Structures are given as C-alpha cells and as structure tokens.
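Trainee: This is the structure alone, sequence omitted:
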C-alpha cells in the first residue's frame, strides 16, 4: 500500500500538534484535572494518532515520522492508561501517624525476623567477648575506637571532664550520626535485592557489635553507665535499623515471591510503596536518635544523673511501641504508597 | 525471550509502539555528568559554608554534613521527579527513565531506583549495576528492576519536514501525461519510498554524497522512462527525483 505520505501528514499534522500541546500541558501540571469535554478531545486525538501510527506501521521506510508518532502515542498512553490511583496528597502528619505505623504492622513478621537476626548477632558478640576479650579489637569498626580500652577507664574519663563537648561539636557529631545511620539503613534496605543475604549480614553484624559492647561493659560492672549511655538514643536507633532490615526483607520477599501468586513485577510493584514508606519513616526516627545521641546520651553523671537518662530512654521506648502498635488503627486504612510530594 | 534494544508496548487499541533502550555505556556517561554536577555543588556548598563557619562556628559543619548527604541522595530523586525521569546527565545524553509498562512514573519508583544505587554501585563504579544491565533483557540495573522502570533514549523530536518533497517548483513532467502514466506504472513502491527518504534527509547529507546519490537515482529513473529533452534539460538531478515523486504520488483529477 502506498500511503500518500505528504497528503497524509498534511491532513493529520494539526491533530498531532494539538495532541502534543495537550501533553505538554498535562506534563507540566500533573495535578490538573481536565473537564469532560477536553478529556473526550484528548482521547479522540490519542486514538487518531494511534491509528495514524498503525497505518504507518506497514510503511517502514518513514522512520522519522514514525518515531515522532511513537513518542506521541507513548506519552499519551501513559496519561490515558494510568489506572493506579492518583495519589491524593497526604499531609506529612497523616503520613507519619497513619501510613507509617500501618505499613509497619502490615509487615510485622519481617520485623520480628529482623529482630531475631539482630539478637542472634548480639548473642554471638556477647559470647565472643566473654570467652575471648581480644575479639573486641578485631570486630569493632574504627568509629567505635573509644570502646577499645577498658570500659572502666572510659567511664572514669568521661565522668571526670563533664564539659568535654561544646554545642557546636555536638551538633556536627549529631549530623554525622544521622548520616551514618541513615546510610546504613538504606544499605540494609537496598541489599534486600541480594535475596536478603546482604540485609541479614548487616543486621547480624550490628547485633554482634551491640552484644560485644554490652557484655564488655556489664562484665566490667558498668551496667548503669551503659544503660544511661545507650538507652536514650538506642531505643529509637536500634529499632529503626531493624526496621531497615524489615524493609530489606520485604523487598527480598517480593523478589523471591514464595507463596505469592503475582508475577515478580507485580510483587515488586506492590512492595515498593511500603518499602519507601518504611525508609522515610526510618529516616525520621534516626534524625531524632541522632539529636538525642549527641546532645543527651553523651552527657554523663555528675552533669546528668544516670537514672534520669534511663527513665527517659524507657519512656521513649514505651512511646515508640505505642506509636508502632496503636497509631492509625482507628483511622481509615490508607492505601499503601500515598506519599507523594508536590512536583512544584 | 532474548535480549532486545527496544521496549515494545502494545496498547489495548492494538497499536504497538517501541522505545529505544539505553545501554550501560550511555548511562554511565550520563551518570558521570551527574556526578560532576553533584561534586560541583558540594564544593560550592563547602566554600560558602566554610566562609560562614568562620563567623558562626561549628554548627555550620553539622549543616554542611547534612546538606551534602541530602544532595547526594536528593539530587537524582528531586530532578527525576521534577523533570519526569530526567537528570542533567540524562538530559545531556537524551535519556529518560520511564515506567516499564509505559505508564506514568511514580514517586515511589523514583525513590526505589535511586536508593538501590547503593547496591548497584558495588563494589565500585557501578559494576553490579553494569553487569545487571548487560544481562537484563531490558537493560535494567537492579534498582530499575525493583522499581519496574527502564531507561530509554528519546529521539530528537522534530516534526518531520515534509516540505522537502514538494519544492514548489513547476513539475515539467506534467506536460507529458502519457509518460507520467508510464512512470506510475514502472516505479515500484520501494523505489518511490527510497526516493522520498533521500529527499526527506537531504539536509543531513554530505553535499558531495548528496550530489552523487541524486545523480544515481535520477539515472535510474531516466532508464525507466525517457522524457523528452525540453522537460529535463534545465533541471538538476535532485529536482528530477522530486518530479518523479510528485508525478507518482499526485492525485489525478477524476
């Protein structure tokens, strides 16, 4: 069939241009809702252009026009066939107090697995340091260098110079903690793509360090110092990292897909919204933990009695448990993945 | 299914359209551009805050630390969200992130594919991502796979320039309708489309090559049908091809 291309293009070009302007407008402002008349027109233009593309399909020697039409149809297709619910804007508060805890509870099994792995790591680390005190030096990373010596010496040192840290130093320390913890969390989540193996390693290693330091201090008779130092930030930070493990395991579960009917693409699509919600929630928790760790945890007796720090930590922990287990239960169940910032 | 370099999508209307997938090398170049941009911003932020730090003290370093972190992760997420799947580097290389089903790109997808860079960049220089990209049927790195996105090349979008075909000059072949009829009879579809392609792309051809090409084509058409001298003597080979095409495609008056 010879399509009289020049004539064909001359008659169709106005429609193509109209569709193009439509698309430009829609893409510039995705939140815009078209009135019915315009929707009809848009759909007509889309079909007409598709038909034009189909007609050119047999006319393989005209790649340029074809490519132009393909790109128009591709863009329009995305607009016409997008059936996933248009994400209505959530206020950050609603997201934090509803979507986040709901998402957490939806995957609570993955969280318990994550806790289990960390505990296993902690037991391992604890035993290691109890049986062989030298193990500490080989396992601890550089950033824990101040724990390498005898815990008693550190406690004595920190208690004797109470104003070691200035506010400025504390704030940059706090920023470092946040960045470091969030990076570890993102890594734990992302390594879910290794069928969860990387996530498990990170969680276990974290547990080892925790168990190692804890047993070391307890063995040296510094339990009060340990609790006062760890609890205020640890009760937020450790659950947050375990939640990152949870996110990684959710991803791994979607990848492996045991016992799920959906094909892999569908599974990943379903999981992605929850993973993103979790990781943003984790970031919020870790920012809080970073502030507490730098400005509060590092103040020791006699400046700040340990009992106050321990009580503060316990209160935080109870609040976190209430938040994750109770928040957003009464409200309507938000569908997953409604977090969407304004594109403007 | 075997590996292809196109993403084909069939619409419910039965129309198939395809998009060209971007290979790992182009994407790496785009990433280098982005990397340089982020680095530039980091140096800029460092300089500005460094100067402020002399005045305000150590709080600034905390701010700097956080800003650099946000910039690192936020740059691609923010740009891909704002520019519908493009960053500066991708714009420069004419690439775009799109949903693998041709649907609209979602914020979640952008976040996932960018956070999963952490795995793709292991152990260094995106080795994991590059290998995944080479092995994957749709040239996806792990982040793309998890987010269900692909990176496509965007063709240069010029509305096809169909004016080239009719130059507006008088077609001297019209004076010989019987010869035109013979031309319509002899010229095959393929020959006609070839001639049209040559005319549509004339501006992108090298001048010498263009002259040779049209000489060859005109020679071929001359062999098919011989027009009298007065119809052909003052026209170039290119115009000759144009005339042939016009004669073949012109709608005859009923």
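Mentor: Looks like it came in fine. Owing to the predicted nature of the structure, the values given are computational and were not obtained by experimental measurement.
Trainee: Please count neighbours and contacts with C-alpha atoms only from this point.
Mentor: Noted.
Trainee: Reduced to three states, what does the residue of the stretch 1-150 of chain A found nearest chain B come out as?
Mentor: Going by C-alpha to the nearest C-alpha, chain B is nearest to residue A:78 of the stretch 1-150 of chain A, at 4.0 Å. With DSSP: H, G, I helix; E, B strand; the rest coil as the basis, residue A:78 sits in helix.
Trainee: could you list every residue that touches it?
Mentor: Residues in contact with residue A:78 (C-alpha atoms under 8 Å, 6 or more residues apart in numbering or on different chains) are B:102, B:103, B:104.
Trainee: how about low-confidence regions in the stretch 1-150 of chain A?
Mentor: The stretch 1-150 of chain A contains residues with pLDDT under 70 at A:1-6, A:30-31, A:57-64, A:82-90, A:141-149.
Trainee: before we move on, back to that, next, find the distance separating the residue of the stretch 1-150 of chain A closest to chain B from residue A:13.
Mentor: 21 Å (C-alpha to C-alpha, to the nearest Å).
Trainee: Identify, from the contacts of residue A:78, the entry nearest to chain A.
Mentor: Out of those, the member with the shortest distance to chain A (by C-alpha to the nearest C-alpha) is residue B:103, at 4.0 Å.
Trainee: my guess is the closest one contacts residue B:9, does it?
Mentor: No: the pair residue B:103 and residue B:9 does not pass the contact test of C-alpha atoms under 8 Å, sitting 10.3 Å apart.
Trainee: Tell me which of those two has more neighbours.
Mentor: residue B:103 (20 against 17; other C-alpha atoms under 10 Å in any protein chain shown).
Trainee: neighbours of residue B:224, just the number please.
Mentor: Residue B:224 - counted by other C-alpha under 10 Å - has 14 other residues nearby.
Trainee: Identify the residues contacting it.
Mentor: Applying C-alpha under 8 Å, 6+ apart, the residues contacting residue B:224 are B:183, B:186, B:187.
Trainee: just checking, which of the residues you listed belong to helices?
Mentor: B:183, B:186 (DSSP state H).
Trainee: so which of the contacts of residue B:224 comes closest to residue B:81?
Mentor: Within the contacts of residue B:224, the smallest distance to residue B:81 is 51.5 Å, found for residue B:187 (C-alpha to C-alpha).
Trainee: tell me the contacts of that closest one?
Mentor: B:221, B:224, B:248.
Trainee: From these, which one has the minimum pLDDT?
Mentor: In terms of pLDDT, residue B:248 ranks lowest among the contacts of residue B:187, with 79.
Trainee: how about low-confidence regions in the stretch 151-254 of chain B?
Mentor: Using pLDDT under 70, the stretch 151-254 of chain B drops low at B:156-168, B:251-254.
Trainee: 90 instead, please
Mentor: B:152-207, B:209-210, B:218-254 (pLDDT under 90).
Trainee: Leaving aside the residues adjacent along the chain, what's closest to the residue nearest the centre of chain A?
Mentor: Centroid-nearest residue in chain A, with C-alpha atoms, centre = their mean: residue A:279, separated by 1.4 Å. Spatially, and ignoring its direct neighbours in sequence, residue A:279 is nearest to residue A:244 (6.6 Å; C-alpha to C-alpha, 6 or more residues apart in numbering or on different chains).
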